[in-house]
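only geometry, no sequence info:
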(Lines give C-alpha, C1' and ligand atoms only; values in the text may rest on other atoms or scores of the structure.)
Protein backbone atom coordinates (compact mmCIF):
# COMPACT_ATOMS: atom_id res chain seq x y z
CA UNK A 1 0.00 0.00 0.00
CA UNK A 2 1.34 3.49 -0.92
CA UNK A 3 0.34 6.64 0.98
CA UNK A 4 -0.04 10.09 -0.64
CA UNK A 5 3.56 10.96 0.24
CA UNK A 6 4.86 7.91 -1.63
CA UNK A 7 5.85 5.97 1.51
CA UNK A 8 5.17 2.25 1.34
CA UNK A 9 3.30 0.97 4.38
CA UNK A 10 1.75 -2.33 5.41
CA UNK A 11 -1.69 -3.35 4.20
CA UNK A 12 -4.47 -2.69 6.69
CA UNK A 13 -5.93 -5.72 8.47
CA UNK A 14 -9.21 -7.08 7.10
CA UNK A 15 -11.36 -5.79 9.98
CA UNK A 16 -10.05 -2.27 9.48
CA UNK A 17 -10.69 -2.38 5.74
CA UNK A 18 -14.26 -3.49 6.44
CA UNK A 19 -14.82 -0.72 9.00
CA UNK A 20 -13.25 1.86 6.67
CA UNK A 21 -15.43 0.92 3.69
CA UNK A 22 -17.64 3.98 3.01
CA UNK A 23 -21.04 2.33 3.43
CA UNK A 24 -19.95 0.58 6.64
CA UNK A 25 -18.52 3.84 7.99
CA UNK A 26 -21.82 5.54 7.14
CA UNK A 27 -23.85 2.99 9.10
CA UNK A 28 -21.47 3.19 12.07
CA UNK A 29 -21.63 7.00 12.06
CA UNK A 30 -25.42 6.99 12.01
CA UNK A 31 -25.52 4.37 14.77
CA UNK A 32 -23.22 6.45 16.99
CA UNK A 33 -25.30 9.58 16.50
CA UNK A 34 -28.60 7.80 17.10
CA UNK A 35 -27.23 6.10 20.22
CA UNK A 36 -25.86 9.33 21.69
CA UNK A 37 -29.03 11.33 21.02
CA UNK A 38 -31.28 8.47 22.14
CA UNK A 39 -29.49 8.05 25.47
CA UNK A 40 -29.44 11.80 26.03
CA UNK A 41 -33.16 12.10 25.28
CA UNK A 42 -33.98 9.30 27.72
CA UNK A 43 -31.78 10.86 30.40
CA UNK A 44 -33.33 14.29 29.88
CA UNK A 45 -36.84 12.87 30.15
CA UNK A 46 -35.99 11.36 33.55
CA UNK A 47 -33.89 14.18 34.97
CA UNK A 48 -35.62 17.19 33.44
CA UNK A 49 -39.41 16.73 33.26
CA UNK A 50 -41.30 19.25 31.12
CA UNK A 51 -43.09 20.76 34.09
CA UNK A 52 -39.77 21.80 35.65
CA UNK A 53 -38.56 23.99 32.77
CA UNK A 54 -41.77 25.48 31.43
CA UNK A 55 -43.42 24.93 28.07
CA UNK A 56 -41.80 27.99 26.47
CA UNK A 57 -38.27 26.86 27.32
CA UNK A 58 -38.62 23.40 25.76
CA UNK A 59 -37.63 24.45 22.20
CA UNK A 60 -34.58 26.30 23.56
CA UNK A 61 -33.42 23.39 25.73
CA UNK A 62 -34.08 20.78 23.04
CA UNK A 63 -32.50 22.80 20.26
CA UNK A 64 -29.35 23.66 22.18
CA UNK A 65 -29.04 20.19 23.73
CA UNK A 66 -29.36 18.24 20.48
CA UNK A 67 -27.00 20.58 18.65
CA UNK A 68 -24.29 20.41 21.32
CA UNK A 69 -24.56 16.62 21.67
CA UNK A 70 -24.46 16.12 17.91
CA UNK A 71 -21.44 18.41 17.67
CA UNK A 72 -19.63 16.54 20.46
CA UNK A 73 -20.41 13.12 18.96
CA UNK A 74 -19.10 14.26 15.61
CA UNK A 75 -15.91 15.85 16.95
CA UNK A 76 -15.04 13.01 19.31
CA UNK A 77 -16.00 9.97 17.24
CA UNK A 78 -17.65 10.35 13.84
CA UNK A 79 -14.99 12.46 12.15
CA UNK A 80 -12.39 9.77 12.89
CA UNK A 81 -14.21 7.06 10.91
CA UNK A 82 -13.67 5.91 7.33
CA UNK A 83 -10.64 5.46 5.10
CA UNK A 84 -10.13 9.24 4.87
CA UNK A 85 -10.90 10.77 8.29
CA UNK A 86 -11.57 14.49 8.15
CA UNK A 87 -13.31 17.25 10.06
CA UNK A 88 -16.30 18.71 8.20
CA UNK A 89 -16.99 21.09 11.11
CA UNK A 90 -13.73 23.09 11.28
CA UNK A 91 -14.09 25.93 13.75
CA UNK A 92 -11.88 28.29 11.75
CA UNK A 93 -14.43 28.68 8.95
CA UNK A 94 -17.60 28.36 11.04
CA UNK A 95 -18.58 32.02 11.45
CA UNK A 96 -17.96 33.28 7.90
CA UNK A 97 -19.54 30.26 6.23
CA UNK A 98 -22.55 30.34 8.56
CA UNK A 99 -23.13 34.04 7.98
CA UNK A 100 -22.80 33.74 4.21
CA UNK A 101 -25.18 30.78 4.23
CA UNK A 102 -27.78 32.61 6.33
CA UNK A 103 -27.58 35.73 4.14
CA UNK A 104 -27.79 33.63 0.96
CA UNK A 105 -30.85 31.80 2.27
CA UNK A 106 -32.51 35.04 3.37
CA UNK A 107 -32.13 36.53 -0.11
CA UNK A 108 -33.23 33.32 -1.81
CA UNK A 109 -36.32 32.82 0.35
CA UNK A 110 -37.28 36.49 0.09
CA UNK A 111 -37.02 36.24 -3.70
CA UNK A 112 -39.29 33.18 -3.67
CA UNK A 113 -41.85 34.98 -1.49
CA UNK A 114 -41.70 38.07 -3.72
CA UNK A 115 -42.22 36.10 -6.93
CA UNK A 116 -45.08 34.10 -5.36
CA UNK A 117 -46.71 37.36 -4.25
CA UNK A 118 -46.44 38.83 -7.76
CA UNK A 119 -48.05 35.67 -9.15
CA UNK A 120 -50.89 35.81 -6.61
CA UNK A 121 -49.77 32.99 -4.34
CA UNK A 122 -48.84 34.94 -1.20
CA UNK A 123 -50.44 37.85 0.65
CA UNK A 124 -49.67 39.75 3.86
CA UNK A 125 -52.79 40.55 5.88
CA UNK A 126 -51.21 42.18 8.95
CA UNK A 127 -48.77 41.71 11.79
CA UNK A 128 -48.36 38.30 13.39
CA UNK A 129 -48.10 37.42 17.05
CA UNK A 130 -44.54 36.02 16.91
CA UNK A 131 -45.61 33.21 19.23
CA UNK A 132 -43.54 30.69 17.25
CA UNK A 133 -40.29 32.64 17.62
CA UNK A 134 -38.41 30.23 19.91
CA UNK A 135 -39.72 27.16 18.10
CA UNK A 136 -38.55 28.58 14.76
CA UNK A 137 -35.17 29.78 16.01
CA UNK A 138 -34.15 26.76 18.06
CA UNK A 139 -36.02 23.83 16.51
CA UNK A 140 -36.56 24.74 12.84
CA UNK A 141 -33.42 26.85 12.70
CA UNK A 142 -30.67 25.62 15.02
CA UNK A 143 -31.65 21.98 15.60
CA UNK A 144 -32.95 21.14 12.12
CA UNK A 145 -30.26 23.18 10.40
CA UNK A 146 -27.43 21.52 12.29
CA UNK A 147 -28.66 17.99 12.88
CA UNK A 148 -30.21 17.39 9.45
CA UNK A 149 -27.08 18.67 7.73
CA UNK A 150 -24.85 16.56 9.95
CA UNK A 151 -26.87 13.46 9.04
CA UNK A 152 -27.74 14.08 5.38
CA UNK A 153 -24.59 15.84 4.17
CA UNK A 154 -21.97 15.14 6.85
CA UNK A 155 -22.66 11.41 6.99
CA UNK A 156 -24.95 10.17 4.19
CA UNK A 157 -23.67 12.35 1.33
CA UNK A 158 -20.05 12.14 2.42
CA UNK A 159 -19.83 8.36 2.49
CA UNK A 160 -22.10 7.80 -0.50
CA UNK A 161 -19.83 10.15 -2.44
CA UNK A 162 -16.75 8.15 -1.47
CA UNK A 163 -18.49 4.97 -2.65
CA UNK A 164 -20.51 5.94 -5.74
CA UNK A 165 -19.20 9.39 -6.65
CA UNK A 166 -20.60 12.91 -6.34
CA UNK A 167 -23.41 12.72 -8.91
CA UNK A 168 -25.15 9.61 -7.65
CA UNK A 169 -24.56 10.68 -4.03
CA UNK A 170 -26.23 14.02 -4.80
CA UNK A 171 -29.28 12.33 -6.32
CA UNK A 172 -29.65 9.69 -3.59
CA UNK A 173 -29.12 12.07 -0.66
CA UNK A 174 -31.53 14.61 -2.20
CA UNK A 175 -34.25 11.99 -2.64
CA UNK A 176 -33.72 10.73 0.90
CA UNK A 177 -33.91 14.28 2.26
CA UNK A 178 -37.10 15.00 0.32
CA UNK A 179 -38.93 11.85 1.30
CA UNK A 180 -37.91 12.09 4.96
CA UNK A 181 -40.38 15.00 4.95
CA UNK A 182 -43.19 12.79 3.57
CA UNK A 183 -44.61 12.31 7.07
CA UNK A 184 -44.84 16.03 7.84
CA UNK A 185 -48.16 17.81 8.23
CA UNK A 186 -49.87 18.50 4.88
CA UNK A 187 -47.16 16.62 2.96
CA UNK A 188 -47.86 15.28 -0.54
CA UNK A 189 -45.85 13.46 -3.16
CA UNK A 190 -45.25 16.82 -4.83
CA UNK A 191 -43.92 18.40 -1.63
CA UNK A 192 -41.44 15.55 -1.12
CA UNK A 193 -40.21 15.77 -4.71
CA UNK A 194 -40.00 19.55 -4.41
CA UNK A 195 -37.83 19.41 -1.28
CA UNK A 196 -35.59 16.81 -2.92
CA UNK A 197 -35.12 19.07 -5.94
CA UNK A 198 -34.75 22.47 -4.33
CA UNK A 199 -33.22 21.79 -0.91
CA UNK A 200 -31.52 18.47 -1.62
CA UNK A 201 -29.60 19.81 -4.61
CA UNK A 202 -28.93 23.20 -3.00
CA UNK A 203 -27.57 21.81 0.26
CA UNK A 204 -25.65 18.98 -1.38
CA UNK A 205 -24.08 21.53 -3.70
CA UNK A 206 -23.15 23.75 -0.76
CA UNK A 207 -21.28 20.84 0.81
CA UNK A 208 -19.56 19.95 -2.46
CA UNK A 209 -18.40 23.53 -2.99
CA UNK A 210 -17.00 24.21 0.48
CA UNK A 211 -16.13 20.66 1.61
CA UNK A 212 -17.44 21.45 5.08
CA UNK A 213 -20.90 21.65 6.66
CA UNK A 214 -21.07 25.26 7.86
CA UNK A 215 -22.28 26.84 4.60
CA UNK A 216 -25.02 24.20 4.25
CA UNK A 217 -26.01 24.60 7.92
CA UNK A 218 -26.27 28.37 7.46
CA UNK A 219 -28.44 27.97 4.36
CA UNK A 220 -30.70 25.40 6.04
CA UNK A 221 -31.15 27.39 9.26
CA UNK A 222 -31.53 30.73 7.47
CA UNK A 223 -34.08 29.27 5.04
CA UNK A 224 -36.28 27.96 7.87
CA UNK A 225 -36.05 31.07 10.05
CA UNK A 226 -36.63 33.62 7.29
CA UNK A 227 -39.40 31.52 5.77
CA UNK A 228 -41.17 30.86 9.06
CA UNK A 229 -40.52 33.88 11.27
CA UNK A 230 -40.02 36.75 8.84
CA UNK A 231 -42.55 35.79 6.14
CA UNK A 232 -44.92 33.61 8.21
CA UNK A 233 -44.84 30.73 5.72
CA UNK A 234 -45.42 27.16 6.91
CA UNK A 235 -42.08 25.43 7.50
CA UNK A 236 -42.14 22.09 5.69
CA UNK A 237 -45.86 21.74 6.28
CA UNK A 238 -45.99 23.04 9.86
CA UNK A 239 -47.99 26.23 10.30
CA UNK A 240 -46.25 28.94 12.33
CA UNK A 241 -47.06 32.33 13.84
CA UNK A 242 -44.31 34.69 12.76
CA UNK A 243 -43.56 38.39 12.58
CA UNK A 244 -46.17 38.90 9.87
CA UNK A 245 -49.60 37.39 9.32
CA UNK A 246 -49.70 35.96 5.80
CA UNK A 247 -51.93 33.76 3.69
CA UNK A 248 -51.35 31.28 0.89
CA UNK A 249 -53.65 32.42 -1.92
CA UNK A 250 -54.54 31.40 -5.42
CA UNK A 251 -53.23 28.34 -7.24
CA UNK A 252 -51.53 25.81 -4.87
CA UNK A 253 -48.86 25.27 -7.52
CA UNK A 254 -47.81 28.88 -6.92
CA UNK A 255 -48.48 29.11 -3.17
CA UNK A 256 -47.57 25.55 -2.19
CA UNK A 257 -50.94 25.24 -0.44
CA UNK A 258 -51.02 24.16 3.19
CA UNK A 259 -47.49 22.73 3.03
CA UNK A 260 -46.02 26.16 2.32
CA UNK A 261 -43.91 27.66 -0.44
CA UNK A 262 -41.46 24.74 -0.39
CA UNK A 263 -44.10 22.80 -2.34
CA UNK A 264 -44.52 25.54 -4.96
CA UNK A 265 -43.29 25.66 -8.53
CA UNK A 266 -41.69 29.00 -7.66
CA UNK A 267 -39.41 27.46 -5.04
CA UNK A 268 -38.64 24.49 -7.27
CA UNK A 269 -37.47 26.75 -10.09
CA UNK A 270 -35.63 29.39 -8.05
CA UNK A 271 -33.98 27.22 -5.39
CA UNK A 272 -33.18 24.33 -7.72
CA UNK A 273 -31.65 26.81 -10.14
CA UNK A 274 -29.50 28.26 -7.36
CA UNK A 275 -28.47 24.76 -6.32
CA UNK A 276 -27.46 23.81 -9.85
CA UNK A 277 -25.29 26.93 -10.09
CA UNK A 278 -23.49 25.96 -6.87
CA UNK A 279 -23.01 22.39 -8.12
CA UNK A 280 -21.64 23.78 -11.40
CA UNK A 281 -19.16 25.94 -9.47
CA UNK A 282 -18.02 22.89 -7.50
CA UNK A 283 -17.52 20.94 -10.73
CA UNK A 284 -15.53 23.79 -12.29
CA UNK A 285 -13.21 23.80 -9.28
CA UNK A 286 -12.52 20.09 -9.66
CA UNK A 287 -14.43 19.10 -6.53
CA UNK A 288 -16.42 16.27 -8.08
CA UNK A 289 -15.50 12.80 -6.80
CA UNK A 290 -15.51 9.82 -9.15
CA UNK A 291 -17.06 6.50 -8.07
CA UNK A 292 -14.81 4.19 -6.09
CA UNK A 293 -14.47 1.78 -9.01
CA UNK A 294 -13.49 4.54 -11.48
CA UNK A 295 -10.70 6.25 -9.55
CA UNK A 296 -7.36 5.38 -8.06
CA UNK A 297 -6.94 5.32 -4.30
CA UNK A 298 -6.26 9.04 -3.96
CA UNK A 299 -7.94 10.99 -1.19
CA UNK A 300 -11.24 12.72 -2.16
CA UNK A 301 -11.29 16.56 -2.09
CA UNK A 302 -10.96 17.93 1.42
CA UNK A 303 -12.02 21.53 0.85
CA UNK A 304 -13.27 23.95 -1.76
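Thanks, I have the structure now. Since this is a predicted model, take the numbers as computed values, not measurements. Residues are numbered from 1 along each chain as shown.

Please make it C-alpha for all contacts and neighbour counts, starting now.
Fine.

Can you give me every residue that contacts residue 153?
By C-alpha atoms under 8 Å, 6 or more residues apart in numbering, the contact set of residue 153 is 173, 203, 204, 207, 213.

Which residues are in contact with residue 213?
By C-alpha under 8 Å, 6+ apart, the residues touching residue 213 are 88, 89, 149, 150, 153, 154, 207.

which among those end up buried?
Neighbour counting by 16 or more other C-alpha atoms under 10 Å classes 88, 89, 149, 150, 153, 154, 207 among the contacts of residue 213 as buried.

For residue 90, grab the count of nearby residues.
12 (other C-alpha atoms under 10 Å).

how near is the nearest residue to it once chain neighbours are set aside to residue 88?
Closest residue in space to residue 90, ignoring its immediate chain neighbours: residue 212 at 7.4 Å, by C-alpha to C-alpha, 6 or more residues apart in numbering. Taking C-alpha to C-alpha, to the nearest Å as the measure, residue 212 falls 4 Å from residue 88.

got any residues that touch both of those two?
Common neighbours of residue 212 and residue 88, using C-alpha under 8 Å, 6+ apart, are residue 154.

before we move on, back to that, from the contacts of residue 153, which land in strands?
Within the contacts of residue 153, no residue falls in strands by DSSP state E.

Any chance of TSV for the residues you listed, columns distance to residue 235 and pLDDT?
Putting these into TSV (distance: C-alpha to C-alpha, whole Å; pLDDT from 0 to 100) gives the following:
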residue	distance to residue 235	pLDDT
173	20	97
203	17	98
204	20	98
207	22	98
213	22	98
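
Reformat these as a markdown table; add distance to residue 232.
Output for the contacts of residue 153, formatted as a markdown table (distance: C-alpha to C-alpha, whole Å):
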| residue | distance to residue 232 |
| --- | --- |
| 173 | 28 |
| 203 | 22 |
| 204 | 26 |
| 207 | 28 |
| 213 | 27 |
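
what's the closest of these to residue 18?
residue 173 (22.7 Å; C-alpha to C-alpha).

Format the buried ones among the contacts of residue 213 as CSV; extra columns: distance to residue 162.
CSV is the format used below for these (distance: C-alpha to C-alpha, whole Å):
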residue, distance to residue 162
88, 14
89, 18
149, 17
150, 16
153, 12
154, 12
207, 14
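
Tell me the one among those nearest to residue 39.
The shortest approach to residue 39 among the buried ones among the contacts of residue 213 belongs to residue 150, at 18.3 Å (C-alpha to C-alpha).

how far away is the closest one from residue 75?
Per C-alpha to C-alpha, residue 150 is found 11 Å from residue 75.

One more: residue 289?
According to C-alpha to C-alpha, residue 289 stands 24 Å off from residue 75.

give the contact list for residue 171.
By C-alpha under 8 Å, 6+ apart, the residues touching residue 171 are residue 201.

again, but for residue 38
Counted by C-alpha under 8 Å, 6+ apart, residue 38 has zero contacts.

Now the phi/psi pair for it, please.
With angles defined as degrees, to the nearest 10, residue 38 sits at phi -70, psi -50.

ditto for residue 127
Dihedral pair for residue 127: phi -90, psi 140, per degrees, to the nearest 10.

Name the residues linked to it by a beta bridge.
Per DSSP bridges, the residues bridged to residue 127 are residue 244.

residue contacts, it?
Residues in contact with residue 127 (C-alpha under 8 Å, 6+ apart) are 243, 244, 245.

ok, 10 Å please
Neighbour list for residue 127: 232, 241, 242, 243, 244, 245, 246 [criterion: C-alpha atoms under 10 Å, 6 or more residues apart in numbering].
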